[in-house]
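Visitor: need a 3D model of the following:
(5 chains)
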Amino acid sequence: MRKILSPRRQKAGLPPGTPIHIGEADGAVCVTVYEYDQHQWSERTLNDPEDLRVPDRDSAVVWINVDGVHDVGIVTRVCERFGIHPLVQEDIVNTDQRPKAEEYDGYLYAVVKMVRHSADAETIDTEQISLIVMDRLVISFQQRIGDVFDPLRNRIRTGKGRVRREGADYLAYCMLDAIVDHYFILLEGIEGRIGPLEEAVLADPAPDAMVTIQALKRDLLFLRRSLWPMREMIYRLSREGAAVVSEETRLFLRDLYDHVIHLIEILETFQEIVAGTMDIYLSSVSNRMNNIMKVLTIIATIFIPLTFVAGVYGMNFAFMPELEWRWSYPAILALMALVAALMLRFFRRKGWI
Amino acid sequence: MRKILSPRRQKAGLPPGTPIHIGEADGAVCVTVYEYDQHQWSERTLNDPEDLRVPDRDSAVVWINVDGVHDVGIVTRVCERFGIHPLVQEDIVNTDQRPKAEEYDGYLYAVVKMVRHSADAETIDTEQISLIVMDRLVISFQQRIGDVFDPLRNRIRTGKGRVRREGADYLAYCMLDAIVDHYFILLEGIEGRIGPLEEAVLADPAPDAMVTIQALKRDLLFLRRSLWPMREMIYRLSREGAAVVSEETRLFLRDLYDHVIHLIEILETFQEIVAGTMDIYLSSVSNRMNNIMKVLTIIATIFIPLTFVAGVYGMNFAFMPELEWRWSYPAILALMALVAALMLRFFRRKGWI
Amino acid sequence: MRKILSPRRQKAGLPPGTPIHIGEADGAVCVTVYEYDQHQWSERTLNDPEDLRVPDRDSAVVWINVDGVHDVGIVTRVCERFGIHPLVQEDIVNTDQRPKAEEYDGYLYAVVKMVRHSADAETIDTEQISLIVMDRLVISFQQRIGDVFDPLRNRIRTGKGRVRREGADYLAYCMLDAIVDHYFILLEGIEGRIGPLEEAVLADPAPDAMVTIQALKRDLLFLRRSLWPMREMIYRLSREGAAVVSEETRLFLRDLYDHVIHLIEILETFQEIVAGTMDIYLSSVSNRMNNIMKVLTIIATIFIPLTFVAGVYGMNFAFMPELEWRWSYPAILALMALVAALMLRFFRRKGWI
Amino acid sequence: MRKILSPRRQKAGLPPGTPIHIGEADGAVCVTVYEYDQHQWSERTLNDPEDLRVPDRDSAVVWINVDGVHDVGIVTRVCERFGIHPLVQEDIVNTDQRPKAEEYDGYLYAVVKMVRHSADAETIDTEQISLIVMDRLVISFQQRIGDVFDPLRNRIRTGKGRVRREGADYLAYCMLDAIVDHYFILLEGIEGRIGPLEEAVLADPAPDAMVTIQALKRDLLFLRRSLWPMREMIYRLSREGAAVVSEETRLFLRDLYDHVIHLIEILETFQEIVAGTMDIYLSSVSNRMNNIMKVLTIIATIFIPLTFVAGVYGMNFAFMPELEWRWSYPAILALMALVAALMLRFFRRKGWI
Amino acid sequence: MRKILSPRRQKAGLPPGTPIHIGEADGAVCVTVYEYDQHQWSERTLNDPEDLRVPDRDSAVVWINVDGVHDVGIVTRVCERFGIHPLVQEDIVNTDQRPKAEEYDGYLYAVVKMVRHSADAETIDTEQISLIVMDRLVISFQQRIGDVFDPLRNRIRTGKGRVRREGADYLAYCMLDAIVDHYFILLEGIEGRIGPLEEAVLADPAPDAMVTIQALKRDLLFLRRSLWPMREMIYRLSREGAAVVSEETRLFLRDLYDHVIHLIEILETFQEIVAGTMDIYLSSVSNRMNNIMKVLTIIATIFIPLTFVAGVYGMNFAFMPELEWRWSYPAILALMALVAALMLRFFRRKGWI
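Guide: Now for the predicted structure:
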């Protein structure tokens, strides 16, 4: 069973706002800084967070990407460089977070779940992305190296699309958009798992189909748990919105909101289809039982009476006149054949054979 | 299984607002322009979108109909002629869209699903219609040639009804009305599929009934997914409404809104009826099993004891005095008949025969 | 299956606002006019709608009742006499309408479903009533001659109650009240059908019980579909209300609203009870199966081993010393009786007999 | 089945506001008047409602209690003495009312359901209480003599608590509080019925358990139908409140509101537990079936092959050499024992025995 | 069955606001007073509540912790020392309370459920905590000695975290935070119970699995009943908030609110998973039945016809020519073997073996 809760026993009792990493710790830690404006771009890997500085209003847009939140030290040093609230720091390193967006003084904090299919396409790979959006700055925190932002990075490098012409809020939107697009791809993959399951269930209702169905149900539950709060969060950003989000970007967020709604509707359709698959499974099992019982009943019902007749003439009474008659034996055999034929006709009329 | 999601893997990573066709590409592309006012009308097929112009306030109403959104080039050229936002262009060519209406500066964008029964009346044929409504102009984008607007075209040609007397908003309403009317026809067809299914399920609970039920369920889910957002969209148009919608047309939209509500209620009733059909199916299967078991039990229960009795008198013990008695054989036969009669009475009292 | 949708294929493509009769056409058409004030009353059958006139502010209250909306000509002539909007005319003759109330300039349009038990008390007889309420005028349109308003007519004739002292809004309220009262009577009838069903299902779970349950479910679904919009409609009339509804009448409508809420709650209770009846049915079927299996198992389990023993001593081996012993036969019979007794004790301990 | 609807056929067609008693008529009619202030109290039984008078602002608080609303004459005479609206009078004598509170000019009308366990603690005894609250006056109407207000009466008599120091609104609150407290006691009783049911169902899934479960479900549905509108009603009184309710009493009503919410949550928990009991029941039935089938299968599977072997050596062929051998018989018996042992091992491995 | 309702029969009829202890009374009573500011802290156990005094605006923060609310005398004396409303006193000693927060004049009253796993980790230990928050004072009432606040006490003693720098509202927040953290730990424990259950159910669907599932369901229902009102309560404190809650603390409460939402979502996921476990259980039972029936059918279907054949040649007719033939016996045996082989092939084709 996929773990739904990460253990947080160590956290209980600590003062609120203490950043403690919750979740699995894996891989190296890496801080990358991208800087771009309409005319130029640069990217470099950083060793010392102390080198970071707050960009001013007219400077290029800066995107700081931190891979590996299990190194609490790096996270807090980056955060403190930009005056981020301790509660936000705590949330960044706790990878068991619910998607949400919160406005703080001078910046916006958003946390979402990035999902991808794992290599074997059977399980969902999930990673928590925290975004801090300031006037000309986006800081993103990821659990691991590797993400869905490579096409976005290419667009920044090549200057394709409008990302180089827009501010930090548009960059953050592009990141959310890339994450939402991968939900679509994930749902396509799930649709690809539902189809064969349904056919398998009809053809041969094996007991492990139930397990597969339950696994699908849980994946859908997990996605629902990620998408519903994202819907709420993007809605809030697109309507009331935060100070750092421009009017134009809000139009794009509204479009993104429609995508999330669409995702949720597809998700709910999948849930109903999976529930329907379970109904098919259960009725297949019943039908199988019916067929087994039919075979048993037909065989037993034909032969039990015949065996009785044979038994009667196997009795050893001294005075059984039929036994001596010349044509008794063929007559009895004929009688038996007749009984069997009548039985078969009865079953045919019942539609059993 | 009907595909619920169109593949959009190619789209992931592209800049937002890039129009990429999503869905099946079929058929020729065709742009038709209709122009009419109270006194005259004209219609022509267009080759070069550059010939299109924005109608002014006093001119005739113009309806530009584009069949075949898979030709992204035509769509973008038409759209750019009228200054349509890139996000709208992206939505027009993505045929996997959720019905919605959005107001932009100077125009209204609405997208709905047009549904019809396919030729064999068993599957639902669906097509996405995008409408752009301006002051004296409606642009409609369709996936394929062929639609539900022919009666409307005839009304424009003959001047029947009020369409020639009203503006572009009324034309758009008429198109929505025609689309909604076809939902009613579709639901009639579905009602026609539910009726026989129910009888079939009662008469003979075959395993494929379950498959038919699931297919019906999915069609209803699909229609629900189309109708619920349409309801919301038409509500918004009819109440708060967009600037391009006149007061009088709003009255008609309010009426259309009632139709959509009615459709949804009928749909939900159908969903409950189909669920009920599944209950009937499952209970029919159980009843069948009961009947099979009854036959087996009656036969076995009558003949097994009799066979035992016959078996007893088939034993070869040297000292079995009954075997020598004169009337043993008929007495035993009589006893057996009595036992069978008692058993039958017992079953009749139980109500099994 | 009761038809849920009336065919409207002929309607598709017609201009909105074209009155086309949808539904069954039956019976004669009849227009009756009642006029009354505190001091006098008159009633007459009308031949020519041209004779109708708009009552002025100080005149008596006029109630025009039209039976038979399938005569579209009469309906449109009456409506046009009083300047009724084409959309309303269209709704009046379409008997497949959702209950609603709409305010137009100078009048209020309300449409509800009048229900009664049919003669055999097993099916629900439904008729659509449209009401147009003006300052001193109520026009009612019915599908057939015969309605639930006779006690109201008597009260007008005899001057009992306050109807003669009040205006047209109170008359319309009285009509709604009479319709709602019949829902109570209908629900009583349905309660009368649920009771015996429940007992029948417990006593003998026949397969047709399922059909009866489904029929009940559908009747309840139908009533729900009628009552929910009525609730909304009466709420709106009683609170925001239309201009033609006086403060005093609103108090009565508020009371009527409570009745409808009560009806809906009872309806939902019935739905849960019917669902419970289905559970009882299904568990009865299971219990039956259990009982059948118990009988089979008891009989087979007792006699199959005994038959085996008999079979052993029916073997024809040359050297079976027991066969020659004097007391073998009675001993074997005693052994058999013992085995049967032990089996019976085992079943009694299991609680099967 | 408990009747959910009281017959109201006689009521259909009567003018709205005509008080007609609906429900069972039982017992004597009795009007009692209590008068108290901080210093004194009196109580007397009244014969003629004409003796009643409206208390003035400075006088003692008056509580008029009417037992037996089936005497419509008494009710209307009491009501008319204080100028109560005809619709309220109609509601008082209709004991099939939905809990609600309505503010009229100068008084507040509230109707609730008082519940108690019947003597045998298996059914719910319900009675409708109508309260009319004026400035210094409470009139309560009950269906029968006997209620849950005796402790309140004692507090008035002895001056315990704050009731003698407060106004009529506090008295009405105390009555509602006593009624709500009895819902708690009732739910305790229901919890006492659920516990044994659950154990019974596990131990022996008798078919009548289903009936008991359905009865419990209905009792819970009934309580829900009483509590939900009470919740709404008390909420309204405690927040927007009526003019006759003081600020201080509102604090108490807020507390009472919390009690009702708590009751509803417990009720819903009970509903889920009862639904769970049904699941246990159904799975117990299935398990029983499994056990029965196991016994049958074990017996049949062991003895049917053995019987076959015995049958083979019971054949009368002239040339069956084994029959003549010396050790055939014991060898066959040993073979049979071996087959039986293997079968038993197979069943043990399957976990059936 | 865990008791859901504590008996409150003794309470019915008492004046509202009378403090009566409801719930189990256990353990000693103990009043502890903690006093701290940024520079110092003290703690002492108190004998006489009369020694308590209201702290003034500039004094240290005072936390009075009362263990054991069954001593109504102590509770009322503490409360009256600080002028707490009688309704609050009544709620403190009634341990069957719904979580809520209420603002009174000058203080805030909050009641929550503290949960922990019992020693055997199978049942949930629950305790009601009442908090009264004033300007520089928190009074907490607990049912028993022992709570989840020890880490908080340590932080006060050692001055770790910000608790010593903040006011009484922050202290109350820290207590709520500690309580909410323990819900996470509890849910982890429940996840640990769900996992093995699921595997057990698949491996061997024993009837007591159903009981375990129901117990889990109830624990989840109980937690839901605790968490939902807590959600509402913390929401209210964090947004509209009470006068005693500072802006800064509200930020922390907003974070706590997110935790509670997260808890609820996890809880609902667990509920769906447990429901899925039940489905697996039921389908496992069905599959078992199928397997049992298959074994029975295979054995019976093979041997019943063979036994019949043997029976035929066991008949004692005088004229059965086959009996005398030399190769009849081996031929019959061969025939029997053939029939058995054909049957086995048939079963293999059906996929039964």
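Visitor: drop to CA atoms for contacts and neighbour counts, all remaining ones
Guide: Noted.
Visitor: distance between stretch A:42-60 and the chain's centre?
Guide: The chain centre lies 36 Å from the centre of stretch A:42-60; the measure is Cα atoms, centre = their mean, to the nearest Å.
Visitor: now do it, average pLDDT.
Guide: On average, the pLDDT along stretch A:42-60 is 77.
Visitor: same check, this time on stretch A:7-25
Guide: Rounded mean pLDDT across stretch A:7-25 is 76.
Visitor: which parts of the stretch 101-250 of chain A are strands?
Guide: Along the stretch 101-250 of chain A, counting by DSSP state E, counting those that start in this stretch, strands occupy A:107-117, A:124-133, A:137-142.
Visitor: can I get these in TSV with mean pLDDT and distance to residue C:132?
Guide: Output for the strands of the stretch 101-250 of chain A, formatted as TSV (pLDDT from 0 to 100; distance: least, Cα to Cα, whole Å):
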stretch	mean pLDDT	distance to residue C:132
strand A:107-117	91	55
strand A:124-133	92	59
strand A:137-142	94	62
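Visitor: which of the ones you listed sits closest to residue D:101?
Guide: Closest approach to residue D:101 among the strands of the stretch 101-250 of chain A is made by strand A:107-117 (46.3 Å; Cα to Cα).
Visitor: show me what the closest one is in contact with.
Guide: A:88, A:92, A:97-103, A:123-135, A:179, A:182-183, A:186, A:189, A:226, A:230, A:242, A:244 (Cα atoms under 8 Å, 6 or more residues apart in numbering or on different chains).
Visitor: re earlier: out of the strands of the stretch 101-250 of chain A, which one sits most buried?
Guide: strand A:137-142 (a mean of 24; mean count of other Cα atoms under 10 Å in any protein chain shown).
Visitor: quick one: strands adjacent to that strand?
Guide: strand A:61-67 (parallel), strand A:124-133 (antiparallel) (DSSP bridges).
Visitor: let me see the mean pLDDT of the helix or strand encompassing residue A:300.
Guide: Residue A:300 belongs to helix A:247-312 when elements are defined using DSSP states H and E. Helix A:247-312 carries an average pLDDT of 90.
Visitor: name the helices or strands packed onto that helix?
Guide: helix A:168-203, helix A:207-238, helix A:328-350, helix B:207-238, helix B:247-312, helix E:247-312 (3 or more Cα pairs under 8 Å, 6 or more residues apart in numbering or on different chains; DSSP states H and E).
Visitor: chain center to it, what's the gap?
Guide: 21 Å.
Visitor: could you tell me the angle between it and helix A:207-238?
Guide: 160 degrees (axes from the mean of the first three to the mean of the last three Cα atoms, to 10 degrees).
Visitor: what angle separates helix A:247-312 from helix B:328-350?
Guide: Using the same axes, to 10 degrees: helix A:247-312 against helix B:328-350 is 160 degrees.
Visitor: quick check: angle from helix A:247-312 to helix A:168-203?
Guide: Using the same axes, to 10 degrees: helix A:247-312 against helix A:168-203 is 10 degrees.
Visitor: any buried residues in stretch A:142-154, and which?
Guide: A:142-144, A:147-149, A:152 (16 or more other Cα atoms under 10 Å in any protein chain shown).
Visitor: cool, stretch A:321-331 as well?
Guide: Buried, per 16+ other Cα under 10 Å, within stretch A:321-331: A:323, A:328-329.
Visitor: repeat that for stretch A:76-95.
Guide: Those buried within stretch A:76-95 under the rule 16+ other Cα under 10 Å are A:76-79, A:84, A:86, A:88-95.
Visitor: what's the span of it, first residue to last?
Guide: 15 Å (Cα to Cα, to the nearest Å).
Visitor: domain ranges for chain A?
Guide: Following automatic domain parsing, one finds the domains of chain A at A:9-283, A:288-349.
Visitor: roughly how far out does the shortest one sit from the chain middle?
Guide: Okay, so that is domain A:288-349. Worked out by Cα atoms, centre = their mean, domain A:288-349 lies 59 Å from the chain centre.
Visitor: just want the most central residue of chain A.
Guide: residue A:219 (3.2 Å; Cα atoms, centre = their mean).
Visitor: out of the helices and strands packed on helix A:247-312, nearest to residue D:42?
Guide: The nearest among these, by Cα to Cα, is helix E:247-312 at 53.8 Å.
Visitor: OK, contacts around residue A:132?
Guide: Residue A:132 neighbours (Cα under 8 Å, 6+ apart): A:107-110, A:138-140.
Visitor: residue contacts, the residue of the stretch 151-300 of chain A found nearest chain E?
Guide: The nearest approach of the stretch 151-300 of chain A to chain E comes at residue A:296, 5.2 Å away (Cα to the nearest Cα). Shown in contact with residue A:296 (Cα under 8 Å, 6+ apart): E:297, E:300-301.
Visitor: check what pLDDT residue A:180 gets.
Guide: Reading off the model, residue A:180 has pLDDT 93.
Visitor: separation between residue A:157 and residue C:174?
Guide: Taking Cα to Cα, one finds residue A:157 at 75 Å from residue C:174.
Visitor: and these two? Which one has more around it.
Guide: residue C:174 (23 against 16; other Cα atoms under 10 Å in any protein chain shown).
Visitor: so what's the more buried one up against?
Guide: Residues near residue C:174 by Cα under 8 Å, 6+ apart: C:152, C:163, D:15-16.
Visitor: out of the residues you listed, who's nearest residue E:287?
Guide: Nearest to residue E:287 among the contacts of residue C:174, with distances taken as Cα to Cα, is residue D:16, at 61.6 Å.
Visitor: these two touch, right, that closest one and residue D:87?
Guide: Yes - in this structure, residue D:16 is within contact of residue D:87 by Cα atoms under 8 Å, at 7.3 Å.
Visitor: contact residues of the stretch 1-150 of chain A facing chain B?
Guide: Proximity of the stretch 1-150 of chain A to chain B is confined to A:149-150 under the rule Cα under 8 Å from any Cα of the partner chain.
Visitor: in the stretch 1-150 of chain A, which residue sits nearest chain E?
Guide: Taking Cα to the nearest Cα, the stretch 1-150 of chain A has residue A:13 as its residue nearest chain E, at 4.8 Å.
Visitor: show me what contacts that residue?
Guide: E:149-152, E:178.
Visitor: repeat that for 7 Å
Guide: E:151-152, E:178 (Cα atoms under 7 Å, 6 or more residues apart in numbering or on different chains).
Visitor: same for chain A: which of those residues are within range?
Guide: E:151-152, E:178 (Cα under 7 Å from any Cα of the partner chain).
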